[in-house]
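1. would you be able to build a 3D model of this:
(chains A and B)
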2 protein chains.
Amino acid sequence: MSVRLGIAGATGVTGEVTLRILRERDFPVDELRLFTSRRSAGQRLRFDGREIAAEAMDEADYSGLDIIISATPSGVAREWVPRMAEAGPVVIDQSSAFRMDPSVPIVVPEVNPEAARDHHGIIAGPNCTTAVPLLAVAGLQRGVGIASIICSSYQSVSGAGRDAMAEFVDHARKALDQLEALRGHEPLNLPDPEFFPHTLAFNVVPQCETFPEGSDTSTEEAKMEPEMRKIFGVPDLVVHATAVRVPVLVSHSVSLTLSLQREVTPDEARELIGSFAGVKVVDDPQSAAYPMPIDAAGIDDVLVGRVRANPIVPNGLALFASGDNLRKGNALNAVQVAELLTG
Amino acid sequence: MSVRLGIAGATGVTGEVTLRILRERDFPVDELRLFTSRRSAGQRLRFDGREIAAEAMDEADYSGLDIIISATPSGVAREWVPRMAEAGPVVIDQSSAFRMDPSVPIVVPEVNPEAARDHHGIIAGPNCTTAVPLLAVAGLQRGVGIASIICSSYQSVSGAGRDAMAEFVDHARKALDQLEALRGHEPLNLPDPEFFPHTLAFNVVPQCETFPEGSDTSTEEAKMEPEMRKIFGVPDLVVHATAVRVPVLVSHSVSLTLSLQREVTPDEARELIGSFAGVKVVDDPQSAAYPMPIDAAGIDDVLVGRVRANPIVPNGLALFASGDNLRKGNALNAVQVAELLTG
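-> Predicted coordinates for the structure are as follows:
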């Protein structure tokens, strides 16, 4: 089956990676249309040797399409995704806008492909910071069951989009000429960051997204538990996350402490983890082999390693994972869902 | 009392920071001698308007000194610290060489100053990755008691010394010209790292120090529990650490999950944490105020914030802390111990 496909938010970094993944996977594109904000409309992107001009979202007719992959921010998605779906195509929405809507499944094809059948025009993808630990522990959830997860993240800058990446690179270049300032011996002189609350150049910032009025938990941290519960179908799973941005361009990493439903040795855990599609165990610390963002960037698998017993929580297991947030947490997952719908 | 002081490892980055802190604190130096490896001997360092030539450690006579602060790697310390102590001066050793020796106290002056009285010529400082979480939780240990700590670290490059910092800066400069490689779209072309198992340029590496034969736990991770037990004097404290290096020049950060001896509200916890000397609570996430390495670098206080209840461990509390690893974890602590000895 050949697909008439639309991509909304096509000129952003996720749109770019989506086009790359469509080619990599030989996705059967019959017709491709690109949608973007009015500001970026007219911008031409290459796909399969052709140039395609992006159409303004508020002027487009969506009725001739089978599927739209929407990679816009959630504010934009909230307004436009329902309109696109009403026009006919199934919309695979990467934003958080509809994830908690009971009529919208969150689909991670390796984990809950059956949920894709129950859509009412909109299918959500997981948050990128949910997707990496979700895949990392999916084999343990299937094989043993997980009672709770403590997560400290090491999230890359690209989660905040293309302009945020450019700002970070600019700051990093300028900061490298101010080494005494980076050591705290004199003030650091950088432009005010526009896309982050503080500069990320050689810094670590324990804030991703925002803190709602009166809350000590960021929106990013708050997403993980309900999304994991919904995707795994385990309503009593407890997740406590600390979301931290680090000076890395692509790939999110997480340090996880799991409490499992029964005791599992690290060897057994590695086998369960690695038996899951989309996951690769890299765990030979003696040979300096473990997950790192630099190795996870640009590949489809989530890398898992540093698997150890944890003595503090019941049936405790610690692990470290890295995954390309633009791929599994985003564009790759969307294309996989599109494959499910058409396969 | 004025002190005849020696600094071993004076030409390294910790030696440099030690000299800076002696000046900042107006430490009463009567005579200052600097010791270093044969390779760096003769190098001249400035202190109080004078230039002092570093002496080769294996040719020096240590007998005329009151105190030596030793900032050498542990292999060097193992050989030289006992010889220095035999010559007369009390040696404050920053390395891990003697920390677990029952006759050597590990002293953190804010926490266990009384232990400094029980030395037999050698006093150890804590590991830098122990010092930051130790100070962060010291008020909770004193006020409530801590049963266990889960720690994921975000450790800076400077923990590995001056040459490691230079290598990192060189890699970072080169990597900034290879953004497509950092995104995983083409191979990254960097010199082989000499001081780390993998490059840290825009990468995260879940290895600090080394993994002993047959162990899934790095030497850095293994230090934290016994050091905290010894300094706090709590032999049944359980600590599980995941030590991760991040692309930051100075300051170690940690994401901690504590299980306390009784339930404590975040407000009560912040009060206890902030009541401790050497600690500053920075915890107003709505205003983007929380600990960050860039703010902790160059100051004495350990910064603590993101204090929240954790629902997973009994009486659970989560927090995030940043501290200058060259100061509190190292040079500052050593100078404070020297002040204890002379005060």
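2. so what does residue A:279 look like in phi/psi?
-> Main-chain torsions, residue A:279, degrees, to the nearest 10: phi -130, psi 140.
3. identify the bridge partners of it.
-> With DSSP bridges applied, residue A:279 shows beta-bridge pairing to residue A:302.
4. was I right about it contacting residue A:272?
-> No: using C-beta atoms under 8 Å, residue A:279 is not in contact with residue A:272; the gap is 9.9 Å. (Glycine included, C-beta is placed from N, CA and C.)
5. mind listing the shared neighbours of those two?
-> Both residue A:279 and residue A:272 are in contact with residue A:139, where contact means C-beta atoms under 8 Å, 6 or more residues apart in numbering or on different chains.
6. ok, which stretches of the stretch 101-250 of chain A are strands?
-> A:122-124, A:146-154, A:238-242 (DSSP state E, counting those that start in this stretch).
7. which strands or helices does the longest one pack on?
-> This points to strand A:146-154. In terms of contacts (3 or more C-beta pairs under 8 Å, 6 or more residues apart in numbering or on different chains; DSSP states H and E), strand A:146-154 is packed against helix A:128-143, helix A:219-232, strand A:238-242, strand A:252-260, strand B:146-154.
8. now for these, which one comes closest to residue A:339?
-> Minimum separation from residue A:339 across these (C-beta to C-beta) falls at helix A:128-143, 16.6 Å.
9. does any part of that closest one sit near chain B?
-> No: residues of helix A:128-143 are not located near chain B by C-beta under 8 Å from any C-beta of the partner chain, the shortest gap being 12.6 Å.
10. how far does that helix sit from its chain's centre?
-> 12 Å (C-alpha atoms, centre = their mean, to the nearest Å).
11. buried ones in that helix?
-> A:128-141, A:143 (16 or more other C-beta atoms under 10 Å in any protein chain shown).
12. got it, and stretch A:221-236?
-> Of all the residues in stretch A:221-236, those buried under the rule 16+ other C-beta under 10 Å are A:221-228, A:230-232.
13. could you list the residues in contact with it?
-> Here stretch A:221-236 makes contact (C-beta under 8 Å, 6+ apart) with A:96, A:99-100, A:106-108, A:111-112, A:115, A:126-127, A:129-130, A:133-134, A:138, A:141, A:145-146, A:149, A:151, A:208, A:215, A:237-243.
14. out of everything not next to it in sequence, what's closest to the residue in the stretch 101-250 of chain A positioned nearest to chain B?
-> Nearest residue of the stretch 101-250 of chain A to chain B: residue A:184, at 2.0 Å (C-beta to the nearest C-beta). Nearest residue to residue A:184 in three dimensions, chain neighbours excluded: residue B:298, at 2.0 Å (C-beta to C-beta, 6 or more residues apart in numbering or on different chains).
15. my read is that the one you found contacts residue A:181, right?
-> No: using C-beta under 8 Å as the test, residue B:298 is too far from residue A:181 to be in contact (9.0 Å).
16. re the thing from before, can you tell which of the helices and strands packed on strand A:146-154 is closest to residue A:304?
-> Nearest of the helices and strands packed on strand A:146-154 to residue A:304, taken as C-beta to C-beta: helix A:128-143 at 4.7 Å.
17. list the helices and strands that closest one packs on?
-> Looks like helix A:128-143 contacts strand A:146-154, helix A:219-232, strand A:252-260, helix A:266-274, strand A:279-281, strand A:302-310, strand A:316-323 (3+ C-beta pairs under 8 Å, 6+ apart).
18. so after the last one, what's the next helix or strand?
-> Moving toward the C-terminus from strand A:316-323, the first helix or strand encountered (DSSP states H and E) is helix A:332-342.
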